[in-house]
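[1] heads up, no residue letters with this:
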């Protein structure tokens with residue numbers, strides 16, 4: 001009864017209980033995405049992409065508003081059922097799914113497709129937040145840490161089997177964000193994050209490798225943890241980085257080529273490095289204010305394959321220049337900051353965990369995608385939030401915003417009732 005009363009309270013005072021800033025920032029981000037997709041597919045017989053994304057945006061906003069007013073008790077009560085349903089979809093898609101870009105990860109329904117791996121992020125985060133927020137739960141205990149790890153690893157393994165490495169890494173980023181927010185050991189988290197960076201630096205040059213190990217060692221020592229544990233992490237970091245070049249030398253030729261292309265895309269300008277080279281040209285050629293809407297050379301001449309998907313950032317950067325590129329970053333950064341602020345301000349542990357998890361997912365997607373377009377990150381097939389074409393991703397991102405709006409509403413009602 002109290003849940004229904006809270007919904008009526010929202011109707012009585014919508015301005016007070018509605019986070020207009022987050023909603024408007026999201027609406028602007030979606031609009032920017034639609035404009036970019038329209039331009040990326042303009043005059044190429046592919047207008048259906050724009051109209052489909054427009055439909056997905058409408059569905060996403062509807063989902064957002066529903067989740068905004070859904071009582072917390074309902075969200076938690078159905079978290080396990082929703083998670084199990086998504087796991088079953090991930091298993092089913094491996095058998096009956098449609099293969100796109102070498103990944104069997106979509107269900108085709110008429111002219112529309114659904115990607116279960118996108119919904120896995122929402123399901124896993126909601127279930128983890130539900131579990132950790134229960135009374136007596138402590139992530140630092142072996143039992144509760146094992147439960148959280150299992151919740152993440154189940155979809156992670158299934159997504160890897162598709163294979164969809166990019167989305168799988170999002171699950172790991174989400175785990176790191178949750179562990180950080182719940183007070184997990186900082187040295188362990190720092191080690192997990194630093195390990196792949198040091199390995200990457202070892203592949204660039206010996207000088208980069210030594211510098212990375214030195215930075216890690218100093219930072220680890222400043223954390224003032226147990227000497228044995230600190231030394232052990234430094235040793236593992238050093239050994240992993242030192243042996244990585246030798247391990248890569250023994251990989252299959254095509255595997256070595258992928259790594260080499262990431263480190264130096266100019267070595268294969270017409271093959272693996274083509275997308276990255278063209279995307280960097282598009283971003284750089286935009287100048288300060290861009291070439292104008294529908295006048296981007298790289299965009300309109302289709303130099304960037306599938307530019308309406310993972311490389312969508314090229315479009316506003318070329319057509320609206322530095323101003324357009326910065327605007328996209330500002331909008332997405334604002335969403336991330338709003339989610340982080342909600343995590344800090346919420347007195348409700350469940351919504352606090354949800355909010356920080358959402359901030360983590362958006363941050364990871366934004367950094368990896370834009371870094372990928374600029375040649376700073378490996379190409380992993382991670383979409384830019386609210387911008388890249390894709391119905392499942394857009395609906396899930398809108399669902400995340402709905403939960404943020406719910407957290408804002410819940411906090412306002414709690415303050416009002418004090």
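    On my side now, so go ahead. Computed from a predicted structure; not experimentally measured. Numbering: from 1, shown residues only.
[2] just confirm residue 223 contacts residue 186, I think it does.
    Yes: taking contacts as CB atoms under 8 Å, residue 223 lies within contact range of residue 186: 6.1 Å. All C-beta atoms are positioned from the backbone trio N, CA, C, and that covers glycine.
[3] what mean pLDDT does stretch 225-232 get?
    For stretch 225-232, mean pLDDT rounds to 86.
[4] stretch 202-210 too?
    The average pLDDT within stretch 202-210 is 84.
[5] before we move on, what about stretch 107-124?
    Across stretch 107-124, pLDDT averages out at 92.
[6] can you give me the buried ones in it?
    For stretch 107-124, burial by neighbour count (16 or more other CB atoms under 10 Å) applies to 107, 113-124.
[7] how far away from the center of its chain is stretch 354-371?
    Put simply, stretch 354-371 sits 4 Å off its chain's centre (CA atoms, centre = their mean, to the nearest Å).
[8] pull out the buried positions in that stretch.
    354-370.
[9] ok, now stretch 91-109?
    Result for stretch 91-109 [16+ other CB under 10 Å]: buried residues 93, 97, 103-107.
[10] list the contacts for residue 143?
    By CB atoms under 8 Å, 6 or more residues apart in numbering, the contact list for residue 143 is empty.
[11] output the longest helix belonging to this protein.
    In the chain, taking DSSP state H as the definition, the longest helix is helix 391-417.
[12] now do that one, average pLDDT.
    Average pLDDT, helix 391-417: 91.
[13] do stretch 244-259 as well
    Average pLDDT, stretch 244-259: 68.
[14] go on, stretch 65-79?
    94.
[15] quick revisit: so which of the buried residues of stretch 107-124 belong to helices?
    Using DSSP H, the members of these that fall within helices are 116-124.
[16] which among the residues you listed gets closest to residue 149?
    Top of the list for closeness to residue 149, among these and by CB to CB, is residue 124 at 11.1 Å.
[17] could you identify the helix or strand that succeeds the helix or strand hosting residue 157?
    Taking DSSP states H and E as the definition, residue 157 sits inside helix 142-160. Scanning forward in sequence from helix 142-160 by DSSP H and E, the next helix or strand is helix 165-181.
[18] the residue positioned nearest the centre of the chain and residue 332: what is the separation?
    Residue closest to the average C-alpha location in the chain (CA atoms, centre = their mean): residue 365, at 3.2 Å. Per CB to CB, to the nearest Å, residue 365 is found 9 Å from residue 332.
[19] so what sits against both of these two?
    Common contacts of residue 365 and residue 332 (CB under 8 Å, 6+ apart): 384-385.
[20] hmm, back to that, make JSON lines out of the buried residues of stretch 107-124 and add distance to residue 238.
    Below are these laid out as JSON lines (distance: CB to CB, whole Å):
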{"residue": "107", "distance to residue 238": "45"}
{"residue": "113", "distance to residue 238": "45"}
{"residue": "114", "distance to residue 238": "45"}
{"residue": "115", "distance to residue 238": "39"}
{"residue": "116", "distance to residue 238": "40"}
{"residue": "117", "distance to residue 238": "35"}
{"residue": "118", "distance to residue 238": "37"}
{"residue": "119", "distance to residue 238": "40"}
{"residue": "120", "distance to residue 238": "35"}
{"residue": "121", "distance to residue 238": "34"}
{"residue": "122", "distance to residue 238": "38"}
{"residue": "123", "distance to residue 238": "38"}
{"residue": "124", "distance to residue 238": "33"}
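[21] of the residues you listed, closest to residue 308?
    Using CB to CB, residue 113 is the member of the buried residues of stretch 107-124 that lies nearest residue 308, at 14.6 Å.
[22] pull up the gap between the nearest residue to the closest one once chain neighbours are set aside and residue 57, please.
    Computed as CB to CB, 6 or more residues apart in numbering, the closest residue to residue 113 that is not its neighbour in sequence is residue 106, at 4.4 Å. For residue 106, the distance to residue 57 equals 19 Å [CB to CB].
[23] now swap in residue 34 and tell me
    Relative to residue 57, and taking CB to CB, residue 34 is found at 7 Å.
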